[in-house]
Structures are given as structure tokens and as C-alpha cells.
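Novice: here's my sequence, what's the structure:
(one chain, ligands or ions: 1)
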Amino acid sequence: MRAATPLLWALGACSGSGDRRSVDVLVITVDTLRHDVIDAPGYAELAARGTRFTEATTPFPRTTPALASMWTGLLPARHGSQEVGEPVKHGVSVVRLFQEAGYTTLAMSGSGVAGPKQGLDDGFEVFEVVSDPRAHAGADLARDLLPWSPDGPVLLWVHLTDPHFPYLPEEALDAPVCRELGERAADRELSRAAVFGDRDGVSSMALEDCRVLYAAEAAAAADQISGLVEALDDPVVVLTSDHGEALGEWGLFYEHGPHVHDSAVRVPLLVAGPGVPEGETRETLVQLQDVGPTLLRLAGLPVPEDLDGQDLFEASPRDHVAAVSGSALHPTLTGVLRAGRASKRNCLHVTPYSLCTDGFFDHQADPTHRTDLTGTLPLVEGPMARAAEAWPAERARQLMVRTATHKLVATPWAFGVQHNLYALPDEDTPVRDTRLEAELRALLPSQPGEGEEGDEEALRALGYVE
Ligand SMILES: [Zn+2]
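Specialist: Purely as a prediction, here's the structure:
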């Protein structure tokens, strides 16, 4: 608890009307936190004190667009950030509304793609970006931001990055295969594309160990929750993530973004504090853009109309949510139609071939694209060139719509779009239901347009640009 608060109370100096001072707000986002690893004590304690939303999703499984949706209350198609590092173009952060209402607004982000360069500082008086990925370091810095004598309530956002790959927890754990994989990736000895695409089985071999290390990083973030909560004055607390993480689902390892599998799209979401039901679990279909409006309502502030988000505790919940995948970014990652970004090296893949901006390759025989086969296989290269025109790099995304029971996934392939309907939670074997599929197809989001480049330096730091 901040030292000054009890004194302000005693003097009755907190507000002119004599009402209780506005409630403090704490938002903790843990980057890359899967929905199913929140059994660590720190998360469980918070859940017991508040409400847990078990069916929360992100509208876009990449950092910048997801966090932009959380703070603007808008879907990525409206706020305009549709790739990691791509700045927010439209919309007003709800943080600015808190600031205008007299809040001291503070943020600590551990990610170079979740900060001022992307416009995520909108409304924050102080916004610190730190590169130390350790959760305790981020939490310490966030607490240091809190003023000793604030003359009003505080909104504090803490974005911790611990569970992001490589998983290298400080805790000494016996998981040598994954630790070595993470160290080789951190040293750039092994490319991210090789890891994420499981080249030569390098990632699937480490899965058991990686689960251990990933859980340890998630737990390290959980350990910081109570200290942050106690640094504020009985705050409203939101704990969530920007996106999950694939641990082998649909062939993707230790990465998130290029697909809309639930491992990447579902996020944990806990809300606690004044005005929030304690010890409840809700299965309503909620999404990150609902966080902003909920915080405003819990703080007694007006909620703007025309947001895509709605109060998490809304009496009439949605019957579906939708999401768009990111682009794959890694030109040698297979299993996706397109990898890479619009104006950088990118490739269209039709196994086993890859038609890239710098040549034509057999990615199975030659995964690092050393031998250019341009002109040697015209019967393959010709149709692939036409498909590449039909699918610009920024548009080859997976789209999904998800109800309480089913999920429809639209996957671009070279010559069209494949639709698969799944009866959740099974996402391995599609089911047939022509009528339901037709209904859900009408609800799929649209493909994003040509995107702008994100911040190359920040992407490089995360290993997204090689
Ligand atoms: Zn992220």
C-alpha cells in the first residue's frame, strides 16, 4: 500500500465530494502466457479473489495488435496494428480517459514491440521499456514508478515477458535439451525458423523439457503478482496475456502468430478487486478488447460508445468471437502458405517447393535455401508464381470464428481457401456440418490489407528478423 494513502483518507482530502477516492487499477499482462498454465500459486490466489474467464481469446495472436485491442477496445481491423511491431493507427487508448479523469498513469513494458514506438504509450504519463526479461526485474521497476505521494488514483500497466522463447528461467531445473535449444537460439546458432518449424526434429525432441522450462517462466511471472497488488491501494486487477504459445500444436513449436489454433488464441483472464465477484468462473466468450470498457466501468468512468469491446460482465454475452493470424515472418517456416513480410524477403510454400523473393527452392531437400532452382521446373514454378500474385504476403493469414462449441478455420492455400470445422476442444480432426459451416463462414473476419513494416530493430531483438 502506498504510504500516503491512509493520511489522505484521515484528512478527508481525497475528493471534493467526500466520496471514496477512485479505485486504483493494475493491469498485468504476461507475454505469451498460455491459458492452461495458470495453476501456479500466484495466479490461483488472484483467481480465488476474483473472477476467472475460462474462454477468453485474443483477436490476433501477436503482441502489438493484441495489446492495442486491449487498450483501445477496438479490433485490429479498426485500430490498424495488424502485425507485431506495427503501430496503432486509429482509436484512443482508454488510458487517456483515465488520465483525463485524474489518474496518474504509469507503464512498464518488457517488450520492444509493446511500447511508445507502436503508440501503446497513448495516455501514459510515464512509460518505461526495459529489456530485462526477468519477471522480478520488471516488477521491481514497475513498483519504482509509483509515486510516494500521489494526489489521486493510479493506473499501472505492467507487461512482463518471461515466458517468451527462448525459455531460460533462472531457476535451476533439470531440462537440458530445451535449455540447450534456447541457448543455441539465443546465440543465433540456430535460426528461429528452424526452431519454430521443428527442422530435423530439433524442437519436438525438446518438448518435454520445454514444457518444464515454459511452466517455470510462467510461474516466475505469477510470483510477482501479489507484490504488485500490494503496492497499490486495493486495486482493481486484471491479469491476462497478449496471446498464448504453441507447444507443437499444428506443427508449430515455441511460437505464436502464424496460426489460429487455441494454443495461441486462448489467453488466461483474471479480474479481481472492488466490484468484482469473488471466486467465480465464467465461460462467456470474451476477448481482449473487452478489458478497457470493463476497467472504465469498474472505475466509475463513462465508457465510450462505438467500441468493439464490451463489459466482461455484460449480461448479454456474445455468441461468437473471431481472430486473424499473423503472417509467418520466417521465410523457411513451412506449414503455412506464406512466410515473411511484404517488403522483405518472403516465400510462398507449396510443399516441397518455396517460391521466394530471391529465388525458387526445394525447402525439403534444401531448408536453408542455398540452391536456386529458378527456371528448372517451369510446370511448378509457373502456377506458384500466379498463386503468389493472388496471395500477397500480408494477406495470407488464417481466419477463425469460434462459438462455445465449434470453431471454423479458414486457411489459405495456393489455389483457394480451405475451411475446416472443429468440434472443440478437438482441433486435429475436422467435423462435417454443412449448415453450421455456412453460418460460421458468414462471420469470418476479413483479411487484413497490405500492412506497414513494423519496427525492424525491435523485431530483430525478439528474433523475428534474421
Ligand atoms: Zn507477445
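Novice: quick one: low-confidence ranges for the chain?
Specialist: Judged against pLDDT under 70, the low-scoring parts of the chain cover residues 1-21, 148-150, 449-466.
Novice: what's the domain layout of it?
Specialist: Segmentation of the chain into domains, based on automatic domain parsing, reads 4-321, 399-446.
Novice: Asp140: which element?
Specialist: helix 135-145 (DSSP states H and E).
Novice: how about that helix as CSV, C-alpha atoms only?
Specialist: C-alpha atoms of helix 135-145 as CSV (Å, rounded to 0.1, in the frame of the first residue of the first chain):
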residue,chain,number,x,y,z
ALA,A,135,9.8,-11.0,-14.2
HIS,A,136,11.1,-9.8,-10.9
ALA,A,137,13.2,-7.1,-12.6
GLY,A,138,10.2,-5.8,-14.5
ALA,A,139,8.0,-5.9,-11.4
ASP,A,140,10.7,-4.1,-9.3
LEU,A,141,10.9,-1.4,-12.0
ALA,A,142,7.2,-1.0,-12.1
ARG,A,143,7.0,-0.5,-8.4
ASP,A,144,9.7,2.1,-8.6
LEU,A,145,7.4,4.1,-10.9
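Novice: and the next element down the chain from that helix?
Specialist: Note on helix 135-145: by DSSP H and E, the next helix or strand toward the C-terminus is strand 154-160.
Novice: show residues contacting the helix or strand following that following strand.
Specialist: Note on strand 154-160: by DSSP H and E, the next helix or strand toward the C-terminus is helix 176-186. Counting by C-beta atoms under 8 Å, 6 or more residues apart in numbering, helix 176-186 makes contact with 165-168, 190-192, 195, 202-203, 205-210, 212-213, 463, all of which sit outside it. Placement of C-beta: from N, CA and C, glycine included.
Novice: can you give me the strands for the stretch 301-450 of the chain?
Specialist: Counting by DSSP state E, counting those that start in this stretch, residue ranges of the strands within the stretch 301-450 of the chain are 321-324, 338-340, 346-350, 353-356, 359-362, 399-402, 406-413, 416-423.
Novice: now do the fifth one: everything it contacts.
Specialist: Contacts to strand 359-362, defined as C-beta under 8 Å, 6+ apart, come from residues 347, 352-354, 369, 371-377, 381, 384.
Novice: buried ones in that strand?
Specialist: Residues of strand 359-362 classed as buried: Phe360, Phe361, Asp362 (neighbour count, 16 or more other C-beta atoms under 10 Å).
Novice: and the last one, how close does it get to the ion?
Specialist: By that I understand Asp362. Using C-beta to the ion, to the nearest Å, one obtains 33 Å as the distance from Asp362 to the ion.
Novice: when you give positions from now on, start the count at 4
Specialist: Renumbered: residue one is now 4, and that last one reads Asp365.
Novice: identify the bridge partners of that residue.
Specialist: For Asp365, the beta-bridge assignment (DSSP bridges) gives partners Tyr356.
Novice: roughly how far does it sit from Leu340?
Specialist: As defined by C-beta to C-beta, to the nearest Å, Asp365 lies at a distance of 17 Å from Leu340.
Novice: before we move on, back to that, can you flag which of the contacts of strand 362-365 belong to helices?
Specialist: In helices, judged by DSSP state H, the following of the contacts of strand 362-365 are found: Glu384, Met387.
Novice: same list, the contacts of strand 362-365, but as JSON lines with neighbour count and distance to the ion please.
Specialist: Shown next, in JSON lines, are the contacts of strand 362-365 (neighbours: other C-beta atoms under 10 Å; distance: C-beta to the ion, whole Å):
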{"residue": "Cys350", "neighbour count": "28", "distance to the ion": "24"}
{"residue": "Pro355", "neighbour count": "13", "distance to the ion": "31"}
{"residue": "Tyr356", "neighbour count": "19", "distance to the ion": "31"}
{"residue": "Ser357", "neighbour count": "25", "distance to the ion": "27"}
{"residue": "His372", "neighbour count": "18", "distance to the ion": "27"}
{"residue": "Thr374", "neighbour count": "12", "distance to the ion": "35"}
{"residue": "Asp375", "neighbour count": "13", "distance to the ion": "35"}
{"residue": "Leu376", "neighbour count": "17", "distance to the ion": "36"}
{"residue": "Thr377", "neighbour count": "13", "distance to the ion": "36"}
{"residue": "Gly378", "neighbour count": "8", "distance to the ion": "41"}
{"residue": "Thr379", "neighbour count": "11", "distance to the ion": "40"}
{"residue": "Leu380", "neighbour count": "13", "distance to the ion": "39"}
{"residue": "Glu384", "neighbour count": "16", "distance to the ion": "36"}
{"residue": "Met387", "neighbour count": "18", "distance to the ion": "32"}
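Novice: quick check: the gap between the residue lying closest to Asp375 once chain neighbours are set aside and the ion.
Specialist: For Asp375, ignoring the flanking residues on the chain, the nearest one in space by C-beta to C-beta, 6 or more residues apart in numbering is Gly362 at 3.7 Å. Summarising the geometry, the distance separating Gly362 from the ion, computed by C-beta to the ion, is 32 Å.
Novice: then Ala138?
Specialist: 14 Å.
Novice: next: Ser244.
Specialist: Taken as C-beta to the ion, the span from Ser244 to the ion is 8 Å.
Novice: show me the contacts for that residue.
Specialist: Contacts here follow C-beta under 8 Å, 6+ apart; on that basis Ser244 touches Thr32, Val33, Asp34, Thr35, Leu36, Arg37, His38, Thr61, Val270, Pro271.
Novice: show me which of those residues is closest to Gln85.
Specialist: Set against Gln85, the nearest of the contacts of Ser244 by C-beta to C-beta is Thr61 (13.0 Å).
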